[in-house]
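Enquirer: Compute the structure for the input listed below.
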Amino acid sequence: MTVQNKYIEPSIVPFIESQFDVLYRENSPLFVQFLTSYYSWMEQEGGITNLSRGFLDLRDVDRTTQDFLVLLKQKYVNGLRLDTVSDTRQLVKHAKDLYRAKGTIRALDLFFRLLYDEVISVYYPKDDLLIPSDGTWVKPRYLELSLSLNNVLLEGKAIIGLTSGATAFVDSVTRRILGDRLADSAYISSIEGMFRTGEIIVPVDGFLSIEECPSIVGSLNNLIFDSSGSGSGYSVGDVFPINSPYGVLGLARVAEVVEQSGLINLNLNDGGYGYSNTATVYVSDSVINVSNVVVSNTYARDYFRAFSVISQPLAQYNFRNGTGTFSPGDTIRAWSNSTTISGNGTVLSTSYTNSTAGQLFVYTDSGSLNANQVLNVGNTKSANLSVLDGGYGDKTATGFVVGTANLVLFTDASAPFVAGETVIQRNVNFPTDGSIQGQGVVTVSGNSFVSLINHYGVFRAGPITGLISAAGANVVSVQVTAGIKLLNNSFVTLPGNKLTSPGVSGISTFQGSLITATFGISPALTHTEQVRICTDSLSTIANAPLAGPYGLAANATANVTTDLSTCLTFANVVIGSLSNVYTITTGTQFDAPPVVMVAENRTITNESFDLTIKFQGATTAFGVGEVLTQSATNARALVKTTNSSSLEVTNLRLNPNNGFVITSPSG
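Expert: The predicted model follows:
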């Protein structure tokens with residue numbers, strides 16, 4: 001260490017000799033030299049004299065010795081790992097600054113600079129935390145534009161509407177998917193004026209021609225309601241969301257409401273086959289739910305055949321001299337005399353004019369209730385027929401089935417099916433052939449029931465399976481919704497009422513009515529072919545004697561001895577699939593949607609059903625909607641569903657000779 005204090009001589013060696021007397025210097029020069037050398041040794045680096053004379057300098061960290069530097073480090077920055085002496089001197093010198101700035105960005109920056117010679121940055125999460133009322137509110141304004149590759153060129157440009165004269169500055173242009181379509185939106189600012197839907201917008205600097213410029217297509221500017229209305233339960237002032245395939249998040253306010261009975265429109269799901277453009281549209285005017293349906297025909301394809309008759313035997317019995325009081329639900333017997341029972345029935349409702357006279361509205365279980373007297377079981381109540389008050393009146397309701405709609409299967413346990421999946425039932429009468437006797441699409445699956453639409457076939461007591469969920473349940477009973485075209489009177493829904501139809505038994509639980517709805521079919525058919533069919537109807541000669549004459553147009557005098565081919569009239573008729581069924585009048589005053597059937601009376605008896613075609617060795621996949629043909633028979637069909645081994649198809653040939661046939665195993 002070199003002493004650098006101005007008050008202390010850096011060395012005392014030069015003064016050693018002068019400290020001796022002349023006697024010593026002359027007689028003992030070796031001793032003087034010895035002491036001079038000794039002090040020179042003491043003043044060497046690290047020597048006692050050197051240290052003592054430089055003590056004040058040892059306090060300076062830049063000039064202190066390594067031994068003292070270790071002690072300073074232990075005192076001021078103990079525990080820090082330093083690579084070099086220069087690092088230690090630098091850190092000790094700035095230790096006070098480091099401690100004073102502890103916890104600050106400056107301290108961290110100093111620490112890393114001193115120790116690692118690195119420049120750092122410090123991130124505080126609080127900088128990105130949301131603070132109430134701290135945001136800058138910006139309400140985006142945009143124009144929805146017609147699709148064009150030129151739209152992006154409008155970014156950073158001032159624009160003007162050619163019709164409105166409104167101006168704005170385009171900040172950005174984005175393209176995104178809304179529903180199933182693309183939409184270009186120009187986000188704008190500095191808006192002056194009001195842009196109009198449909199007008200062309202052009203850049204102010206004119207770098208695009210008018211033909212290259214887009215037009216404004218939205219957003220929401222009008223609503224188109226279905227002719228059936230917009231729903232029910234609205235009040236003036238209600239605000240509700242609007243979503244459609246063209247956009248979402250729209251809002252509308254109800255300005256006016258109108259009360260009316262129900263309206264109905266018809267959408268065609270399947271065009272079928274075998275129709276001419278003069279086919280008849282049948283619209284039910286009564287809708288009934290038939291519970292506990294049992295179909296006795298093992299081979300039945302539906303619960304009710306089209307045009308099958310359904311009836312409800314009802315009667316009105318006006319009486320006098322009554323004893324006791326009849327009540328709904330009472331079982332009665334009609335006595336034509338004191339020993340003969342002519343019929344049995346169930347009281348549906350009663351109306352008394354006094355204690356002994358009134359009217360019974362009854363369901364006829366068997367026989368006839370048109371008798372002199374009726375008594376309840378046990379003979380505790382009786383009534384005599386009153387001819388003066390109108391006597392007996394037959395109020396039986398009859399109609400023919402237009403078709404069936406919704407189907408409800410009641411099961412022995414919770415039905416865990418998935419909405420939208422197809423539920424099937426294998427043929428319970430012929431379990432070995434694996435054929436499907438009932439099929440439908442699930443709308444609701446609940447506790448011990450499942451509701452189906454688009455069903456065909458007949459479900460019976462037995463297991464059912466979901467084709468997507470693979471869930472299963474056992475059918476206990478069936479409820480069918482049927483549409484009826486009334487022939488006379490109306491069905492009633494009083495407790496105890498019943499319906500009868502050939503091969504079907506059940507109980508009616510609901511009735512709806514439709515008064516004015518009418519529908520028509522489009523004359524444009526698809527998948528057409530020309531067939532030769534008989535144009536005569538047996539209904540026109542139903543009252544002719546079996547022996548004839550029958551009065552048929554081709555031979556009015558034909559009888560049992562006439563060749564049948566000479567009696568009937570044939571014509572070439574173009575048939576095909578329906579392209580559209582449209583609403584003529586939407587109808588009012590109904591409680592349930594009607595059931596609608598389009599029938600071609602000249603071909604309906606051909607019963608051309610859908611088919612399942614199983615195949616193998618396909619060179620490519622079949623597609624839904626394509627038409628299949630088979631050259632060997634001129635067969636033709638429309639694919640409805642497909643998988644790797646089978647097709648569900650609509651038969652597009654009326655003549656059974658043009659049906660599909662099995663080919664060789666490799667075909």
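Enquirer: going forward, measure contacts between C-alpha atoms and count neighbours the same way
Expert: Noted.
Enquirer: Surely Arg113 touches Val119?
Expert: Yes: in terms of C-alpha atoms under 8 Å, Arg113 counts as a neighbour of Val119; the distance is 6.3 Å.
Enquirer: Tell me, please, the helix or strand in the protein that averages the lowest pLDDT.
Expert: Of all helical and strand segments in the chain, the minimum by mean pLDDT, DSSP states H and E falls on strand 504-513, at a mean of 62.
Enquirer: Next secondary structure element downstream of it?
Expert: strand 518-521 (DSSP states H and E).
Enquirer: In stretch 364-377, which residues are buried?
Expert: Thr364, Asp365, Ser368, Leu369, Asn370, Ala371, Asn372, Gln373, Val374, Leu375, Asn376 (16 or more other C-alpha atoms under 10 Å).
Enquirer: cool, stretch 409-427 as well?
Expert: 409-411, 414-419, 421-427.
Enquirer: and it, average pLDDT?
Expert: For stretch 409-427, the mean pLDDT works out to 86.
Enquirer: for stretch 242-255, same thing?
Expert: On average, stretch 242-255 scores 76.
Enquirer: Same check on stretch 617-634?
Expert: pLDDT averaged over stretch 617-634 gives 88.
Enquirer: Out of the buried residues of stretch 364-377, which two sit at the greatest distance?
Expert: Using C-alpha to C-alpha, these span at most 17.7 Å, a distance reached by Asp365 and Asn372.
Enquirer: In PDB, list the C-alpha atoms belonging to the one helix or strand Arg532 maps to.
Expert: Arg532 is part of strand 525-534, with elements assigned from DSSP H and E. Output of strand 525-534 as PDB, limited to C-alpha atoms (Å, rounded to 0.1, in the frame of the first residue of the first chain):
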ATOM      1  CA  LEU A 525     -93.700 -32.600 -59.900                       C
ATOM      2  CA  THR A 526     -90.200 -34.200 -59.600                       C
ATOM      3  CA  HIS A 527     -89.000 -37.700 -60.600                       C
ATOM      4  CA  THR A 528     -91.900 -38.100 -62.900                       C
ATOM      5  CA  GLU A 529     -93.000 -41.100 -65.000                       C
ATOM      6  CA  GLN A 530     -96.000 -41.900 -67.100                       C
ATOM      7  CA  VAL A 531     -98.200 -44.800 -66.000                       C
ATOM      8  CA  ARG A 532    -101.400 -46.300 -67.200                       C
ATOM      9  CA  ILE A 533    -104.000 -46.500 -64.400                       C
ATOM     10  CA  CYS A 534    -107.700 -47.100 -64.100                       C
END
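Enquirer: chain center to that strand, what's the gap?
Expert: Distance of strand 525-534 from the chain centroid (C-alpha atoms, centre = their mean, to the nearest Å) equals 39 Å.
Enquirer: again, but for stretch 438-450
Expert: Between the centre of stretch 438-450 and the centre of its host chain there is 17 Å, according to C-alpha atoms, centre = their mean.
Enquirer: CA atoms only: put it into CSV for me.
Expert: Provided in CSV are the C-alpha atoms of stretch 438-450 (Å, rounded to 0.1, in the frame of the first residue of the first chain):
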residue,chain,number,x,y,z
GLY,A,438,-91.6,-49.1,-35.6
GLN,A,439,-89.4,-46.1,-36.0
GLY,A,440,-89.5,-42.4,-35.1
VAL,A,441,-87.4,-39.3,-34.1
VAL,A,442,-87.2,-38.3,-30.4
THR,A,443,-88.5,-34.8,-29.5
VAL,A,444,-88.7,-35.2,-25.7
SER,A,445,-87.5,-38.0,-23.5
GLY,A,446,-88.7,-37.9,-19.9
ASN,A,447,-89.5,-40.0,-16.9
SER,A,448,-91.2,-43.1,-18.3
PHE,A,449,-92.1,-41.7,-21.7
VAL,A,450,-90.6,-40.7,-25.0
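Enquirer: Just confirm Leu69 is within a helix.
Expert: Yes: when DSSP: H, G, I helix; E, B strand; the rest coil is applied, Leu69 is found to be in a helix.
Enquirer: Can you pull the phi and psi angles for the closest residue to it other than its chain neighbours?
Expert: With sequence-adjacent residues excluded and distances taken as C-alpha to C-alpha, 6 or more residues apart in numbering, Leu69 is closest to Val61, at 6.9 Å. Taking degrees, to the nearest 10, you get phi -60, psi -30 for the backbone angles of Val61.
Enquirer: Pretty sure Val61 sits against His94.
Expert: No: using C-alpha under 8 Å, Val61 makes no contact with His94, being 10.7 Å away.
Enquirer: And the helices in the stretch 1-150 of the chain?
Expert: 22-27, 29-42, 48-53, 55-58, 66-76, 85-93, 95-100, 105-116 (DSSP state H, counting those that start in this stretch).
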